[in-house]
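Colleague: quick one: sequence and predicted model below, then my questions.
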Amino acid sequence: MLSCKDISQLASENFDKTLSPMQRMQFRMHLLMCHNCRLFVSQMALTIETIATITPLQPNDPQIHEQATKLMAISKTMINKE
Amino acid sequence: MDYPDYTHERVLIQELINGEEAAFRHVVKQYHQSMLYVAHSIVGSAIAEEVVQEAWVSVIKALPGFESRSALKTWVLRIVSNCAKTRLRKESRSIAMGDANDLEFAALPEARFRENGHWASAPRRWNIASPEAILASEELKTVIYTAIESLPIIQQTILTFRDMEGMSMDEICKILDISESNSRVLLHRARSKIWQAIEKHQDEPC
């Protein structure tokens, strides 16, 4: 029998569908009886879905320009060596 | 600044080999931060930038021989990982994975649960119901970004690669050289911290 604490630890794996069939069954049984865990699991799903909509951090334009210029210079040196 | 959209990786690779500026800008924009995440996770912050620069040189050298067996980005990140691990070996250090080996540590504070495992402090209802609603609030958006930035770097890396970029866990584990069980624990800890940050904001908005 899973406890609420167990559910809080397994919520990600439930979302990612990586629980074993036995764990999945126990997880569902617990949710049927526990509204706090139903709430937690739905909020965790919402959290993960929100993170998925965030654009990952990227360098800014001047940083991109500086690094790209550096790489082109390295690339040219290599071509010239050949 | 102009960033062409490369739908075909072969075109991008050929333009990189030809030394086209737009292609270099594209890969720097799309890959550089991820490269830093990998280097930082493996060697720590002090020499992460140096390792990434070494990796870029290796990438440019090896690019004409790239056989497209994986996505270009995956290949690039593996090169960063190899450069970082070589650097560790040279310095006789081990991988600085922070809390990666501490699997017993719970994702939520112990105080949230009673001894019998029931909630002592149960989750509170939120007045938001969709990612769009969450991100429509500038305040909440800042709360989430701050929570992500304050994660240990290894958690930040796994969260970014898995949840924002959709990389497979298998690929993440290979790149970071950690086990699948470790990476799942770290991903859950990261997600739980973001959940806690949203909950805290719902309880006491700024």
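Modeller: Structure's in. What do you need?

Colleague: from what I can see B:Glu139 touches B:His201, true?
Modeller: Yes: with contact defined as C-beta atoms under 8 Å, B:Glu139 counts as touching B:His201 (7.1 Å). Bear in mind the C-beta positions are built from the backbone N, C-alpha and C, glycine included.

Colleague: with neighbour numbers in mind, choose between those two.
Modeller: Counted by other C-beta atoms under 10 Å in any protein chain shown, B:Glu139 and B:His201 do not tie: B:His201 has more neighbours, with 20 against 10.

Colleague: the more buried one falls within a helix, correct?
Modeller: Yes: remark: B:His201 belongs to a helix, assigned using DSSP: H, G, I helix; E, B strand; the rest coil.

Colleague: which strand or helix spans the nearest residue to it once chain neighbours are set aside?
Modeller: In this structure, B:His201 finds its nearest non-sequential neighbour in B:Val143, 4.7 Å apart by C-beta to C-beta, 6 or more residues apart in numbering or on different chains. With secondary structure defined by DSSP states H and E, B:Val143 is part of helix B:138-149.

Colleague: run through who's touching that helix.
Modeller: A:50-51, A:54, B:128, B:134-135, B:156, B:159-160, B:193-194, B:196-198, B:200-201, B:205-206 (C-beta atoms under 8 Å, 6 or more residues apart in numbering or on different chains).

Colleague: which stretches of chain B have low pLDDT?
Modeller: B:1-4, B:94-105, B:205-206 (pLDDT under 70).

Colleague: closest point of it to chain A, which residue?
Modeller: Going by C-beta to the nearest C-beta, chain A is nearest to B:Gly117 of chain B, at 2.6 Å.

Colleague: for that residue, give me its contacts.
Modeller: Counting by C-beta under 8 Å, 6+ apart, B:Gly117 makes contact with A:Ser3, A:Cys4, A:Lys5, A:Asp6.

Colleague: from these, which is closest to chain B?
Modeller: Closest approach between those and chain B, by C-beta to the nearest C-beta: A:Ser3, at 2.6 Å.

Colleague: please report phi then psi for that closest one.
Modeller: Main-chain torsions, A:Ser3, degrees, to the nearest 10: phi -90, psi 170.

Colleague: not counting its neighbours along the chain, what's nearest it?
Modeller: Excluding its sequence neighbours, the residue lying closest to A:Ser3 (C-beta to C-beta, 6+ apart) is B:Gly117, at 2.6 Å.

Colleague: ok so, going back, just the buried subset of the contacts of helix B:138-149, please.
Modeller: Buried subset of the contacts of helix B:138-149 (neighbour count, 16 or more other C-beta atoms under 10 Å in any protein chain shown): A:50-51, A:54, B:128, B:134, B:156, B:159-160, B:193-194, B:196-198, B:201.

Colleague: distance of the residue nearest to A:Ser3 from B:Trp195?
Modeller: Here B:Gly117 is placed at a distance of 19 Å from B:Trp195 (C-beta to C-beta, to the nearest Å).

Colleague: tell me if stretch A:21-36 is near chain B.
Modeller: Yes: using C-beta under 8 Å from any C-beta of the partner chain, a contact is recorded between stretch A:21-36 and chain B, made by A:Asn36.

Colleague: give the buried residues for that stretch.
Modeller: Going by neighbour count (16+ other C-beta under 10 Å), the buried part of stretch A:21-36 is A:Gln26, A:Phe27, A:His30, A:Leu31, A:Cys34, A:Asn36.

Colleague: just name the shakiest helix or strand of chain A by mean pLDDT.
Modeller: Least confident helix or strand, chain A: helix A:61-81 with a mean of 88, by mean pLDDT, DSSP states H and E.
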